[in-house]
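Undergrad: using only what follows, build the 3D model:
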Amino acid sequence: MAGAAGGAGRGRWTLRQVSLEVNGVEHSAEVEPRQLLVYFLRENLALTGTNVGCDTTSCGACTVLMDGRSVKSCTVLTVQADGAEVQTIEGLADDGKMHPLQDAFHTEHGLQCGYCTPGMIMAALGLIQEGGDLTEKDIRLGLEGNLCRCTGYHNIVKAIQSAADEMRSPASA
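TA: A predicted model of the protein is given here:
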C-alpha cells in the first residue's frame with residue numbers, strides 16, 4: 001500500500017522544485033508535491049502570521065493574496081503557487097508603518113483575540129484592490145469565507161470601510 005501513496009514503491013513523493021515571490025522576495029525550494037502553501041509559508045519561510053484554523057477552507061484564517069487575488073492557502077498546493085506572487089500579512093507593513101487596513105482594524109476595534117485578523121485583512125485587501133466603492137453589503141459578501149468567533153462583524157466591516165476610504169483618498173497615494 002505504501003507504493004500507492006508515493007514514488008518508487010517506498011511511500012515517498014519525488015520532491016519538486018518551486019520558485020515564487022513572497023512579499024517581494026524570490027524564494028526557490030524543493031517541496032513535497034502534497035505540501036500546502038500555508039505550511040510552506042509557515043515552516044519553510046517562517047511567516048507565521050498566516051494562521052491555520054481549520055485545514056478545511058472553512059475559516060479563512062490562512063487567507064493570502066496570490067497574484068493579487070485572495071486565496072485560502074490551506075487549499076493551494078505549494079507546487080500550484082510555482083511562479084506566483086504571494087503576499088502575506090507580514091508583507092503589508094511599510095518600513096515599520098502599519099498598512100491602512102492594519103491601522104483601521106486597530107482603530108475601529110475590528111479584532112479581539114486576533115487569530116482571524118491576518119486572514120480578514122488579506123481578504124479585505126483583495127476586495128479593496130478589485131476597485132470600486134464598497135458598500136457594507138459588498139464587504140460582508142466579500143468576507144463570507146472568513147470567520148470570526150469573537151467579535152461579530154460590525155467593527156470588522158467598519159474597519160474595512162474606513163481603510164478602503166483612506167486607500168482611495170488622494171492624500172494616501
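
Undergrad: the strands in this structure, which residues?
TA: 16-22, 25-31, 63-66, 69-72, 85-87 (DSSP state E).

Undergrad: from those strands, which stretch is densest packed?
TA: Ranked by average neighbour count under the criterion mean count of other CB atoms under 10 Å, the strands of the chain are headed by strand 63-66 at a mean of 25. Bear in mind the C-beta positions are built from the backbone N, C-alpha and C, glycine included.

Undergrad: so which of the strands of the chain comes closest to H109?
TA: Proximity to H109, assessed across the strands of the chain by CB to CB, is greatest for strand 63-66 (20.6 Å).

Undergrad: quick one: residues in contact with stretch 92-109.
TA: Surrounding stretch 92-109, the residues in contact under the criterion CB atoms under 8 Å, 6 or more residues apart in numbering are 110-111, 117, 120-121, 124-125, 128, 151, 155-156, 158-160, 162-163, 166-167, 172.

Undergrad: wait, I meant stretch 14-25
TA: 7, 26-33, 41, 45, 47, 78-79, 81-88, 90-91.

Undergrad: check stretch 155-173 too.
TA: Residues outside stretch 155-173 that contact it (CB under 8 Å, 6+ apart) are 100-101, 103-105, 107-111, 120, 124, 127-128, 134, 136, 139-140, 143, 148.

Undergrad: so which bits of it are buried?
TA: Buried residues in stretch 155-173, counted by 16 or more other CB atoms under 10 Å: N155, I156, V157, K158, A159, I160, Q161, S162, A163, A164, M167.

Undergrad: you'd agree L111 is up against G152?
TA: No - using CB atoms under 8 Å, L111 makes no contact with G152, being 11.5 Å away.

Undergrad: between these two, which has more neighbouring residues?
TA: Neighbour tally, L111 and G152, criterion other CB atoms under 10 Å: the higher count belongs to L111, 21 against 10.

Undergrad: that one: what's it in contact with?
TA: For L111, the contact set (CB under 8 Å, 6+ apart) comprises F105, T117, M120, C150, T151, I156.

Undergrad: pick out the most distant pair among those residues.
TA: In the contacts of L111, two members sit farther apart than any others by CB to CB. They are F105 and C150, at 12.7 Å.

Undergrad: settle it for me: which of those two has more neighbours?
TA: F105 (26 against 11).

Undergrad: roughly how far apart are that one and G131?
TA: Between F105 and G131 the computed distance is 21 Å (CB to CB, to the nearest Å).

Undergrad: could you do C54 as well?
TA: The spacing between C54 and G131, counted by CB to CB, is 30 Å.

Undergrad: for the two, indicate the residue with more neighbours.
TA: When C54 is set against G131 and neighbours are counted by other CB under 10 Å, the residue ahead is C54, at 14 against 8.
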